[in-house]
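Trainee: sequence and predicted structure, then a few things I'm wondering about:
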Amino acid sequence: MSRADLDQRYLAAAAIAREAGLLARRYYEDPKLRAIDYKGPQDHITAADGAVEKLIKQRLGEAFPSDDTFGEESGGHFGERVWVIDPIDGTANFGRDVAHWCVSIAYVEAGKIEIGAIYAPLTDELFMARRGGGATVNGRPMRASPQTDIRRSIVECGWSARRPMADYLRVIDRVVGAGGVFRRAGSGALGIAYVADGRAEGYCELHINSWDALAGIVMVTEAGGWVNDFLAGDGMSKGNAVLCTCPGLKDALVDLTGIR
């Protein structure tokens, strides 16, 4: 694909993420509209998830009819050129009036994440990245933390019911035992974006879906951080473990989490 084609997609991703985020915020501000339902145990959904995903897919289809789309709620097709969408990442927060949630959109071509867009409406922060083109938040360049000491670091440890709780607790125990501080804020996409912006030294999760992780992954690599090979095997369609870290803690966090 030509540079001009990718430029067009980058600008579209930014505009669509903002528009989708504003729609999500309208739902968020009405307690009746943000009411939670469940797809399964601790698997939350609201009316906003479907409405926002529908808007994103509609806008992408109008702009790039030959591209595939795959959304968390309505599925789709993982083709050679595909947009991977999480309409609201952090739905549990969203439904409970907790401000930590976002819209996440990634564009993947030939197995490489080319573009990532994450928009957090309540802080009006638009995180953007393009492979080989750097990463920004509201136009400001992002850089991973320069920290090299785990004892001065924050690592977000995401949780998924797809892995035993004992495995999750083991990772936390190792991180804390090494002197790190852990947190879990409830949005993998924002957690990874924060690593890109140096707000945390690492993000790990023993299993995360592609729609939660892809946009942030390209941000971390473009901001000078390190990410494991998330797309290895069936990572795109079935998810994988993820570790995103500042460069100075890569070896330590690989050892502590076991994610390579």
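Mentor: Done, it's in.

Trainee: could you report the pLDDT at the residue nearest to the spatial centre of the chain?
Mentor: The structure's the chain has its C-alpha centroid closest to Ala189; by Cα atoms, centre = their mean the separation is 2.3 Å. pLDDT for Ala189: 98.

Trainee: Ile45 now?
Mentor: Looking at Ile45, its pLDDT reads 65.

Trainee: got it, and Gly40?
Mentor: 59.

Trainee: flag every buried residue along whichever strand or helix holds Ile85.
Mentor: Per DSSP states H and E: Ile85 is located in strand 81-89. Within strand 81-89, the residues scored as buried using 16 or more other Cβ atoms under 10 Å are 81-89. Any C-beta I mention is one placed from the backbone N, CA and C, and that applies to glycine too.

Trainee: ok, so of these, who is nearest Tyr28?
Mentor: Checking those against Tyr28 by Cβ to Cβ gives Ile88 as the nearest, at 8.8 Å.

Trainee: the closest one reaches Ala48, doesn't it?
Mentor: Yes: assessed by Cβ atoms under 8 Å, Ile88 is found in contact with Ala48 at 5.9 Å.

Trainee: need the residues touching each of those two.
Mentor: 24, 94 (Cβ atoms under 8 Å, 6 or more residues apart in numbering).

Trainee: and the contacts of the one helix or strand Ala193 maps to?
Mentor: Using DSSP H and E, Ala193 maps to helix 188-196. Around helix 188-196, the neighbours that count as contacts under Cβ under 8 Å, 6+ apart are 86, 89-90, 100-102, 104, 118, 120, 127, 129, 135, 137, 142, 144-145, 156, 158, 185, 200-203, 205, 208, 212-213, 215-217, 219-220, 222-223, 225, 242, 244-246.
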